[in-house]
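> Quick one, fold the following:
(one chain, ligands or ions: 1)
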Amino acid sequence: MTNTRLGGAHGLAHPLGYRYHIPHGVVCGLLLPYVMEYSLEYAPDKYAQVARLLGVDTEGMSANEAGRQAVEAVRRVTGRIGIPNRLRVFGVKTQDFPALIEKSLPSGNLKNNPKRLVADDLLVILQRAL
Ligand SMILES: [Fe+2]
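Have a look, this model is predicted:
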């Protein structure tokens, strides 16, 4: 991870974890499918590969369709291990978004995401994950 860097889920996870006392793995797992979904169109082939690595038979699917299956496969895994799929479960509120975004922006992980994430992107992701 140190060599390859991480992505947008991590950029948002740290401020959310601090502010709402959400365990790091839980908030990363919660955010990951939302960030994948948002990033899908920027790296469909890589997400298609993730789907195959997670055991999805992607035969006959376009890269976008296969990538979408990666998102769903991650949702199945996080659901199975009991990770909530909504930030509101932890008391996250819309009015906290500006502060969370501001604290996320310095993260190098946002630059390493398949789509380089800026404030407007983070707002959309947080709204979808709320
Ligand atoms: Fe981490």
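
> Run through who's touching the helix or strand bottoming out on mean pLDDT in the chain.
Within the chain, no helix or strand scores below helix 109-112, which has a mean of 90 by mean pLDDT, DSSP states H and E. Defining contact as Cβ atoms under 8 Å, 6 or more residues apart in numbering, one finds that helix 109-112 is touched by T4, R5, L6, G7, G8, H10, G11, S104, R116, L117, V118, L122. C-beta here means a position set from N, CA and C on the backbone, and glycine is covered the same way.

> roughly how far apart are the closest residue to the first one other than its chain neighbours and D45?
In space, not counting the residues next to it along the chain, T4 is nearest to N112; the distance is 8.0 Å by Cβ to Cβ, 6 or more residues apart in numbering. Per Cβ to Cβ, to the nearest Å, N112 is found 17 Å from D45.

> just Q69 next, same as before
Counting by Cβ to Cβ, the gap from Q69 to D45 is 13 Å.

> Same check on E59?
Distance from E59 to D45, by Cβ to Cβ: 15 Å.

> hang on, the earlier thing: tell me which of N112 and D45 has more neighbours.
Taking neighbours as other Cβ atoms under 10 Å, N112 and D45 compare with N112 leading, 16 against 11.
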